[in-house]
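Enquirer: Predicted structure and sequence below. I'll ask about it afterward.
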Amino acid sequence: MKDIVLEITTSGTGAATVNANAAVVGKLYAIKYMPGTIATGATITVTCQDGASKPLLTKANAGTADSWYYPRDLVHAVADGAALTGTAGGDRACPIVSGRPRVVVASGGSTVSGSVTLYYE
């Protein structure tokens, strides 16, 4: 298991965009959000950038407690790529990350800090 930590410091406007220093490739297992001093009403958006942006997690009103998230993608049918095999509680797969992870914070509070850690294999 590997991890990549994205250290966040917001600007005076309460916003931040942090890109990983290097690209990663693998299956995403979990994301740990450690808000530090980031405000409770912050929205955290985690994506993977590789030409097109792959959404991994969006959490509005993320709170001030350390939190773990386990993002999953719905699985598509083999016979019809548009058809999903699962519904609520159905088939899920670990998202593929291929590119540079990015975290964007909105409404995080003025000049505060925290972190997001992605665990992948």
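Expert: Here it is on my side, so go on.
Enquirer: What is the worst-scoring helix or strand of the chain on mean pLDDT packed up against?
Expert: Of all helical and strand segments in the chain, the minimum by mean pLDDT, DSSP states H and E falls on strand 73-74, at a mean of 84. Packing partners of strand 73-74 (3 or more C-beta pairs under 8 Å, 6 or more residues apart in numbering; DSSP states H and E): strand 92-93. Heads up, the C-betas are built off the backbone N, CA and C, glycines and all.
Enquirer: in its sheet, what does the strand it packs on sit against?
Expert: Sheet pairing of strand 92-93 (DSSP bridges) gives strand 73-74 (antiparallel).
Enquirer: got the buried residues for stretch 113-121?
Expert: For stretch 113-121, a neighbour-count test (16 or more other C-beta atoms under 10 Å) marks 113-120 as buried.
Enquirer: go on, stretch 11-24?
Expert: Per 16+ other C-beta under 10 Å, stretch 11-24 contains these buried residues: 14, 16, 18, 20, 24.
Enquirer: Now the helix or strand where Q49 lies: buried residues?
Expert: Using DSSP states H and E, Q49 falls within strand 43-50. If you call a residue buried by 16+ other C-beta under 10 Å, then strand 43-50 has these buried ones: 44-48.
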